[in-house]
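3D, please:
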Amino acid sequence: KKFTIASPGSVNGLCTDIDGNVYMSDGHDGEIIEFEYGTTKQRHVLKDPGYFLGGCAVDVVNNDVVVAVQPANSNPGGIAVFHHGRGKPQNYTGSSTYFARDCTYDNKGNIYVDGTTVYGNFFLAVWSRKTHALSSISLDQNIVAAGVLQWDGGSGLLAVDDQGVGYQGSTVYEFAIDGSSGTKKGTTPLARSTDVMGFTLVQTTSGSRLIGANDGAKPSVTYWNYPKGG
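Have a look, this model is predicted:
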């Protein structure tokens, strides 16, 4: 079944809950619109006024919805969490999480968020389910351009997208996270890509796949073998 979901603004993120309902993050209107599975019917509209919204994710345990946020003023950004996907959000910010790009849950309910600092450098941070606070994570791999994040539940690794520079292609790195540091465990080169704006990991009968939104002169939806890429 094929249909089109129309957006009144700028789409910066898509995510789904365990029932397949789709959440669309509207970057400039401060809204996340929830669409009923398999239809274009709007179920709910979540709002975070005064913020630009990035990528989103849903906690499959309690249906909390998180979105990466950046205030309209010059204050640091971070994440906004909508408890059970309803009501007003709780916003969490950090000293280095200025321009938040994307976020994802791990299997323990912790939230990872990435983006760029006020100086234009890549950052990765984690929101702890226990402390409800953001803290920085250092990686042993340089990330040029902050992309999207996905938690790989099968391997227990955090997949981080480096969009690359210009049309040089994108790469996804897999990290083992231990406290405030991340160690690279794998590299997935996205051959013939130009600028992968977002991706998701899926399981098929023939193995794991990475499906990405490949931007450039001829935008396309493309898939690669995961984690070997190619």
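
Could the C-alpha coordinates of the helix or strand residue 43 falls within be exported in CSV?
If you go by DSSP states H and E, residue 43 is part of strand 42-47. Extracted in CSV, the C-alpha atoms of strand 42-47 (Å, rounded to 0.1, in the frame of the first residue of the first chain):
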residue,chain,number,x,y,z
GLN,A,42,-3.6,12.2,12.2
ARG,A,43,-3.9,10.7,15.7
HIS,A,44,-2.2,13.4,17.8
VAL,A,45,-0.1,16.5,17.5
LEU,A,46,2.7,17.0,20.1
LYS,A,47,4.0,20.5,20.6
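
Quick check: neighbours of it in the sheet, parallel or antiparallel?
Using DSSP bridges, strand 42-47 pairs in its sheet with strand 31-35 (antiparallel).

Let me see the contact set for the residue most central in space within the chain.
What sits nearest the mean C-alpha location of the chain, by Cα atoms, centre = their mean, is residue 102, with 3.4 Å. Residue 102 makes contact with 13, 54-55, 68, 113-115, 146-149, 198, according to Cβ atoms under 8 Å, 6 or more residues apart in numbering. All C-beta spots, glycine's among them, are computed from the backbone N, C-alpha and C.

so it, which of the three states?
Per DSSP: H, G, I helix; E, B strand; the rest coil, the local secondary structure of residue 102 is strand.

before we move on, back to that, list of residues touching the strand holding residue 43?
21, 23, 30-36, 65, 82, 85-86, 89.

how close does the residue nearest to the centre of the chain sit to residue 55?
Separation of residue 102 from residue 55 (Cβ to Cβ, to the nearest Å): 3 Å.

Please tabulate the contacts of residue 102 in CSV, including the columns pLDDT, distance to residue 48 and neighbour count.
Below are the contacts of residue 102 laid out as CSV (pLDDT from 0 to 100; distance: Cβ to Cβ, whole Å; neighbours: other Cβ atoms under 10 Å):
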residue, pLDDT, distance to residue 48, neighbour count
13, 90, 13, 22
54, 94, 11, 25
55, 95, 14, 25
68, 96, 11, 31
113, 98, 15, 31
114, 97, 19, 28
115, 95, 16, 24
146, 93, 20, 24
147, 92, 22, 26
148, 93, 19, 26
149, 96, 19, 24
198, 89, 20, 20
